[in-house]
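Q: Give me a 3D structure for the following:
(2 chains)
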Amino acid sequence: AQSVAQPEDQVNVAEGNPLTVKCTYSVSGNPYLFWYVQYPNRGLQFLLKYITGDNLVKGSYGFEAEFNKSQTSFHLKKPSALVSDSALYFCAVSPGYSTLTFGKGTMLLVSP
Amino acid sequence: SAVISQKPSRDICQRGTSLTIQCQVDSQVTMMFWYRQQPGQSLTLIATANQGSEATYESGFVIDKFPISRPNLTFSTLTVSNMSPEDSSIYLCSVTFGTGGYEQYFGPGTRLTVT
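A: Below you'll find the predicted structure:
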């Protein structure tokens, strides 16, 4: 069975600073990895994915994530945070074309 | 992606009653899923809605409590039966398009409160 760990309940960063939201995973075989964002009272929005290929993937709203197979990590990053990035971020993993397992989520708070 | 809508967006229901949630997509999709997000929690998969056949339920979820229909490639319903306050959650449907994308796209969710 697959699992996802998001070790931080909350990440605080000042606007303009770089941000990182951490994610580690466990899955049999090659992982399919995803990041989603949830704004208050909204559904989940897909940000980016890693399926295969380049370890650095770029997604929506200037976000990117780095796949590290040896560390089984898929951290979400952004070079310069915006106040509007404040939201709940979920990492998810799938063993293939199958169901997703989500982490517990990390609240990102960007202060002006 | 596609436009995914859910009805109702929210509801307050009494204990012991049932609520049916609809999920409509504006294009044909390969797979549809139903998730529950309890207050302050992550998403938990309830079931995969299979077109023309019975849904595939995850451990801890049963058809009698969460009957699901999927009559075609653009529509599904989830019923929450004999509700209790513990069923108060956000219920989300999601879809995939089967063209190798793998990612799921989510509806806006239905916020259910059971009193």
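
Q: So which residue is smack in the middle of chain A?
A: What sits nearest the mean C-alpha location of chain A, by CA atoms, centre = their mean, is A:Trp35, with 3.8 Å.

Q: That residue and chain B: what is the separation?
A: Applying CB to the nearest CB, to the nearest Å, the value for A:Trp35 to chain B is 10 Å. No exception for glycine: its C-beta is placed from N, CA and C like everyone else's.

Q: Point out the residues in chain B that sit beside chain A.
A: Residues of chain B lying near chain A by CB under 8 Å from any CB of the partner chain: B:1, B:4, B:33, B:41-43, B:45, B:48, B:58, B:92, B:94, B:101-109, B:111.

Q: redo that, cut-off 6 Å
A: When proximity is defined as CB under 6 Å from any CB of the partner chain, chain B approaches chain A at B:Ser42, B:Leu43, B:Leu45, B:Leu92, B:Tyr102, B:Glu103, B:Phe106, B:Gly107, B:Pro108, B:Gly109.

Q: Closest one of those to B:Asp11?
A: B:Gly109 (11.9 Å; CB to CB).

Q: Next up, the contacts around that closest one.
A: A:Gly43, B:Ile90, B:Leu92 (CB atoms under 6 Å, 6 or more residues apart in numbering or on different chains).

Q: in which helix or strand would I find the last one?
A: Read that as B:Leu92. Using DSSP states H and E, B:Leu92 sits in strand B:89-96.

Q: Other residues contacting that strand?
A: Residues from elsewhere that reach strand B:89-96 (CB under 6 Å, 6+ apart): A:43, B:21, B:23, B:25, B:29-38, B:104-107, B:109-111.

Q: same question, stretch A:2-22
A: Here stretch A:2-22 makes contact (CB under 6 Å, 6+ apart) with A:23-27, A:75-81, A:83, A:89, A:91, A:93, A:95, A:101, A:103-104, A:106-112.

Q: Mind doing that once more with 7 Å?
A: Stretch A:2-22 is contacted from outside by A:23-27, A:75-83, A:89, A:91-93, A:95, A:101-112, using CB atoms under 7 Å, 6 or more residues apart in numbering or on different chains.

Q: So which bits of it are buried?
A: For stretch A:2-22, the buried set under the neighbour-count rule, 16 or more other CB atoms under 10 Å in any protein chain shown, comprises A:Gln2, A:Val4, A:Gln6, A:Val11, A:Val13, A:Leu19, A:Val21, A:Lys22.

Q: Need the distance between the two termini of that stretch.
A: 17 Å (CA to CA, to the nearest Å).
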